[in-house]
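**Student:** Any chance you could fold what I've pasted below:
(2 chains)
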Amino acid sequence: ETGVTQTPRHLVMGMTNKKSLKCEQHLGHNAMYWYKQSAKKPLELMFVYSLEERVENNSVPSRFSPECPNSSHLFLHLHTLQPEDSALYLCASSQDRDYSYEQYFGPGTRLTVT
Amino acid sequence: AQSVAQPEDQVNVAEGNPLTVKCTYSVSGNPYLFWYVQYPNRGLQFLLKYITGDNLVKGSYGFEAEFNKSQTSFHLKKPSALVSDSALYFCAVRATWGRSDKLIFGTGTRLQVFP
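**Tutor:** This next block holds a predicted model:
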């Protein structure tokens, strides 16, 4: 459970605010991921970082901006969000981008945009 | 198109009875298949995976899954359900994605085990 941590666990922000989500993995992995989980929808992959390389999902709006300063830390910077961005944001890590390796997930940040 | 389907939004089973949570997939090439479980207010936890080899895969908490290539299925099973198994279960498949690859998740099946 403590392998991947996320802060904050809950966040309420207005549409004009700027906030950041933080993820840290203590597993020695070299790939990290951001997912969005909305009710009644499949888990949506937003961003992937592997060995400092970013693989971006082109459908992610620019109001979401990831940052990966090193292999253990991942941030998601948020600005001018919309109410439909309210969701659970999950961070995950894996040994590398070879998907024979399972991903380990953090507990998520529950984001509410008002 | 690469996809994974979980046809049941919810599965109800009595404690002690066997349970099955269904998953079918569509992917080019050999599939890498995964099951994850999510408890309330928690992230996803890895249960088991199929990469190659024996079609019956054993995982955590007494769960197992059967890979069936002809039916493109990877159903999750447990011989005797526990109330504590109640959670949201996700099937996932590796898929190519441009110059990389990614996991495609199903929409999830909520398992409710009644005492």
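
**Student:** With the flanking residues excluded, which residue is spatially nearest to A:Gln95?
**Tutor:** Nearest in space to A:Gln95, with sequence neighbours left out and distances taken as CB to CB, 6 or more residues apart in numbering or on different chains, is A:Tyr101 at 4.3 Å. Glycine gets a C-beta too; all of them are placed from N, C-alpha and C.

**Student:** Neighbours of that neighbour, how many?
**Tutor:** Residues contacting A:Tyr101 under the criterion other CB atoms under 10 Å in any protein chain shown number 17.

**Student:** unless I'm mixing things up, it is touching A:Ser94, no?
**Tutor:** Yes - between A:Tyr101 and A:Ser94 a contact is recorded at 4.9 Å, counting by CB atoms under 8 Å.

**Student:** Might you list the low-confidence residue ranges for the chain?
**Tutor:** By default, I'm working from chain A. Residue ranges of chain A with pLDDT under 70: A:1, A:52, A:56, A:58, A:97-100.

**Student:** Oops, wrong one, chain B.
**Tutor:** Ranges of chain B meeting pLDDT under 70: B:96-101.

**Student:** cutoff 90 now
**Tutor:** Confidence mapping of chain B against pLDDT under 90 gives the ranges B:1-3, B:27-31, B:40-43, B:51-54, B:94-104.

**Student:** quick one, helices of it?
**Tutor:** Assigned helices in chain B: none (criterion: DSSP state H).

**Student:** do chain A as well
**Tutor:** According to DSSP H, chain A contains no helices.

**Student:** Contact partners for the spatially most central residue of it?
**Tutor:** Nearest residue to the geometric centre of chain A (CA atoms, centre = their mean): A:Trp34, 2.8 Å. With contact taken as CB atoms under 8 Å, 6 or more residues apart in numbering or on different chains, A:Trp34 is in contact with A:23, A:45-47, A:66, A:74, A:76, A:89-91.

**Student:** will you turn those into TSV that also has distance to A:Ala39 and neighbour count?
**Tutor:** Formatted as TSV, these follow (distance: CB to CB, whole Å; neighbours: other CB atoms under 10 Å in any protein chain shown):
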residue	distance to A:Ala39	neighbour count
A:Cys23	22	27
A:Leu45	17	20
A:Met46	17	18
A:Phe47	21	21
A:Pro66	23	20
A:Leu74	24	26
A:Leu76	20	22
A:Tyr89	14	22
A:Leu90	14	25
A:Cys91	19	28
